[in-house]
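S.K.: Return atomic coordinates for the entry below.
(chains A and B)
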Amino acid sequence: MKEVSDNLKTETKGQVLSFSQIRRWPEFGVIIAFIILLTIFSIFSSKFLTLRNITGILTIVSELGIMAIGIAFLMIAGEFDLSVSSVYALSGFLFVTLANKFNSPLAFIITLALAAFIGFCNGIITLRSRIPSFIATLGMMLFLRGTLLAVTGGESVSYKADAIMPSLLTRYIGYGFRPSHIWFLALTLIFSMVLTNTRYGNWVFATGGNKEVARAMGVNVNKVKIINFMLSSLMASLSGCIVISRFNLANASFGTGMELEAIASAVIGGTFLTGGYGTIIGVFFGAFLMGMMRTGLVMMGAPAYWYQAFVGAILIIAATINLKLRRLEM
Amino acid sequence: MQKITPLVKMVDIEKNFGAVQALKKVNVEVQPGEILGLLGDNGAGKSTLIKILAGVFPPDAGEIFFEGKQVNFLSPKDARASGIETVHQALSLVNVMSISRNFFLGREPTKKIGPVNLLDRKKMDEECKKAVTGLGVRVRSPHEFVSILSGGERQAISIGRAMHFKVKLLILDEPLTALSVRETKEVLRQVEKAKESGVSVIFITHNVYHVYPVAERFVMLDKGIKIGEVYKKDASPEDIIEIIATGKMPQELKS
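M.R.: Numbering: from 1, shown residues only, chains lettered A, B, ... in the order given. Purely as a prediction, here's the structure:
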């Protein structure tokens, strides 16, 4: 027995810095891709690595990334949420309307509460009806977007209320930085911590990895799923409030298609579409990659349309590489 | 002889799935420190019976006593809290999680840092490594994914986990299916080790030769009815197969 544990010790010691150990970082792929793209853009555009451009990218990345973190957290628990883009638009609209009528902190709280309720509904519908969440939230996405368009008639509303929430969310704080950058970073760290270092995080992995096993081991998988649906919706709502505070304008068509960008960020960051595996730090870089491509391509002189084509190509490459890396592990 | 309270006593258990009556007034007892073989063909109701005991779903009728007290498990969590743990070939470990995360799933140790409870990952890794190595499973690290382990190693880890958490009743659902000869031997050795430490075991299988070497008593089910119950000293494996095949107890074994 002693001998066995000694063997074990030497074996682990020997591979501390081996390639296989590094490869086991789930964020490995996306960080490499991040560095490659950063290098290419810096070479081809002298203005790419300037503080102004970087903070500009950060602004876009934060808004997409906050949504992506919520989606990824839910995807790891084995469910999808396509309704985030509609929650995002609805939240922006509701926030502006309520803030104009009352004040912005109250508007913010009510908006988040409604988003949490929508997430709760997504969860209940998915679990009760037993239809896949992909379909349930697709329905919710169309329902919310349609309702919003019908109620507003496509009209925009502009923000005319106090500066409390906009200052806390997105007004400049110096050198081009905005509070939304801090929100994004803080939420990345918090969600990452919860996922890897709390009991709840372990249950999220288990629920997505194999919900029958999780249930047999005493995990309340339905509760985990509903909480994660609510978080996904809440994050999308926060993202919506941030964007609207930056534009000072809300429109019912905001964020159309953004759910796919958020899912793409999560997948590029190493999250499994099938659930049970993923990292929030990976999603952080995934979202960063998306934002970097958006500005980088434009700065290199490519028409903005190429952005989507690039995202598509990177998504396929990233998903393939991630799968290959995991195959080596499992 | 003094009468010992059975660890588990299931009385007149009934369960229906729609029009199908899966269990009809089934009575089963398990004594402390006993290995009970639960036998029957596919669809006999073995899994249904133990799922009721493990809290996966409630019975439609009947009572369950655990350590003499009537219990009503609403979820697997309840059953687990009482000391009943099921080891199921497909349902015990999450493939895409590490060994140590699996080992402590649902019972993760935490430490308080400031206002928050965080996983005690160091303790998880160390205890898991110690327990797993003690079972003779050679893994490079507790961070390895379960998916790279063989069937026997997974079974060993599942049983080892139950032992680590000091269960009172270990339910093994077809633990030897698809295992190699050596792995089978290893698992059986662990089952005996569990018994030696005072744990009761319910060993479910459709193959009497799997359980005959280790069990002391056998209960046979067929189409949701308990068709027989014998002690090892009274019946050979062939007798038991005969009972399952014919669906009734022969005269000379009825006592």
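S.K.: can you pull out the strands in the stretch 151-255 of chain B?
M.R.: Along the stretch 151-255 of chain B, counting by DSSP state E, counting those that start in this stretch, strands occupy B:169-173, B:200-205, B:217-222, B:225-231.
S.K.: helices and strands around the longest one, which ones?
M.R.: Using 3 or more C-beta pairs under 8 Å, 6 or more residues apart in numbering or on different chains; DSSP states H and E as the contact test, the elements touching strand B:225-231 are strand B:20-30, strand B:217-222, helix B:237-246. Glycine gets a C-beta too; all of them are placed from N, C-alpha and C.
S.K.: Comparing these, which comes out most buried?
M.R.: Most buried of these, by mean neighbour count (mean count of other C-beta atoms under 10 Å in any protein chain shown): strand B:217-222, with a mean of 23.
S.K.: and it, how far from the chain's centre?
M.R.: 15 Å (C-alpha atoms, centre = their mean, to the nearest Å).
S.K.: before we move on, what about stretch A:127-142?
M.R.: Relative to where its chain is centred, stretch A:127-142 has its mean C-alpha point 19 Å off (C-alpha atoms, centre = their mean).
S.K.: quick one: contacts of that stretch?
M.R.: Stretch A:127-142 is contacted from outside by A:79-86, A:118, A:121-122, A:125-126, A:222, A:225-226, A:229, A:259, using C-beta atoms under 8 Å, 6 or more residues apart in numbering or on different chains.
S.K.: what's the closest of the helices and strands packed on strand B:225-231 to chain A?
M.R.: Of all those, it is strand B:20-30 that lies closest to chain A, at 18.6 Å by C-beta to the nearest C-beta.
S.K.: can you state the direction angle for the closest one and strand B:200-205?
M.R.: 140 degrees (axes from the mean of the first three to the mean of the last three C-alpha atoms, to 10 degrees).
S.K.: picking that back up, with mean pLDDT added, can I get the strands of the stretch 151-255 of chain B in JSON lines?
M.R.: Putting the strands of the stretch 151-255 of chain B into JSON lines (pLDDT from 0 to 100) gives the following:
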{"stretch": "strand B:169-173", "mean pLDDT": "90"}
{"stretch": "strand B:200-205", "mean pLDDT": "91"}
{"stretch": "strand B:217-222", "mean pLDDT": "89"}
{"stretch": "strand B:225-231", "mean pLDDT": "85"}
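S.K.: can you put these in CSV and add distance to A:Val283?
M.R.: Below are the strands of the stretch 151-255 of chain B laid out as CSV (distance: least, C-beta to C-beta, whole Å):
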stretch, distance to A:Val283
strand B:169-173, 38
strand B:200-205, 42
strand B:217-222, 49
strand B:225-231, 54
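S.K.: Check the gap between A:Ile244 and chain B for me.
M.R.: Look at A:Ile244 and chain B: by C-beta to the nearest C-beta, to the nearest Å, they are 32 Å apart.
S.K.: and that residue, what helix or strand is that in?
M.R.: helix A:221-247 (DSSP states H and E).
S.K.: Following the chain onward from that helix, which element is next?
M.R.: strand A:249-250.
S.K.: how far does the helix holding A:Ile244 sit from the chain's center?
M.R.: Centroid separation for helix A:221-247 versus its chain: 10 Å, with C-alpha atoms, centre = their mean.
S.K.: Only the buried residues of that helix, if you could.
M.R.: A:221-222, A:224-247 (16 or more other C-beta atoms under 10 Å in any protein chain shown).
S.K.: ditto for stretch A:117-126
M.R.: A:118-119, A:121-123, A:125-126.
S.K.: quick one: which of the residues you listed is nearest chain B?
M.R.: Nearest member of these to chain B, counting by C-beta to the nearest C-beta, is A:Gly123, at 18.5 Å.
S.K.: Just the pLDDT at the closest one, thanks.
M.R.: A:Gly123 carries a pLDDT score of 96 in this model.
S.K.: Which element, helix or strand, includes it?
M.R.: helix A:104-129.
S.K.: Relative to B:Asn16, how far out is the closest residue in space to A:Gly270 that isn't next to it in sequence?
M.R.: Closest residue to A:Gly270 apart from its sequence neighbours, by C-beta to C-beta, 6 or more residues apart in numbering or on different chains: A:Gly282 at 4.0 Å. For A:Gly282, the distance to B:Asn16 equals 47 Å [C-beta to C-beta, to the nearest Å].
S.K.: what does B:Ala162 give?
M.R.: Shown here: B:Ala162 relative to B:Asn16, a distance of 30 Å by C-beta to C-beta.
S.K.: thinking again about what came up before, same list (the buried residues of stretch A:117-126) but as TSV, adding distance to A:Ala304.
M.R.: Converted to TSV, the buried residues of stretch A:117-126 look like this (distance: C-beta to C-beta, whole Å):
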residue	distance to A:Ala304
A:Ile118	31
A:Gly119	32
A:Cys121	36
A:Asn122	32
A:Gly123	37
A:Ile125	37
A:Thr126	36
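S.K.: more neighbours, B:Ala162 and B:Asn16?
M.R.: B:Ala162 (26 against 14; other C-beta atoms under 10 Å in any protein chain shown).
S.K.: Report the contact partners of the more buried one.
M.R.: So B:Ala162 contacts B:85, B:87, B:170, B:194 (C-beta under 8 Å, 6+ apart).
S.K.: how about B:Thr133, secondary structure?
M.R.: helix (DSSP: H, G, I helix; E, B strand; the rest coil).
S.K.: Can you report how many residues neighbour it?
M.R.: Residues near B:Thr133, counting by other C-beta under 10 Å, number 18.
S.K.: Leaving out sequence neighbours, find the closest residue to B:Met220.
M.R.: Nearest-residue entry for B:Met220: B:Gly228, 4.4 Å, with adjacent residues in sequence omitted and distances by C-beta to C-beta, 6+ apart.
S.K.: okay, now the one you found: neighbour count?
M.R.: 24.
S.K.: Chain A versus that one, what's the distance?
M.R.: From B:Gly228 to chain A the distance is 29 Å (C-beta to the nearest C-beta).
S.K.: How about B:Ile64?
M.R.: 18 Å.
S.K.: That residue looks like it's in a strand, true?
M.R.: Yes: judged by three-state DSSP, B:Ile64 forms part of a strand.
S.K.: Now do it: how many residues are near it, please.
M.R.: Counted with other C-beta under 10 Å, B:Ile64 comes out at 21.
S.K.: what residues are up against it?
M.R.: B:8-11, B:13, B:52-53, B:70-73.
S.K.: Skipping adjacent residues, who's closest to B:Glu242 in space?
M.R.: That would be B:Pro250: by C-beta to C-beta, 6+ apart, it lies 7.0 Å from B:Glu242.
S.K.: what's near enough to touch the one you found?
M.R.: For B:Pro250, the contacting residues are B:239, B:242-243, by C-beta under 8 Å, 6+ apart.
S.K.: Can you give me the pLDDT of it?
M.R.: 72.
S.K.: again with B:Ala19
M.R.: Value for B:Ala19, per-residue pLDDT: 83.
S.K.: Just give the number of residues close to it.
M.R.: So B:Ala19, with other C-beta under 10 Å, has 5 neighbours.
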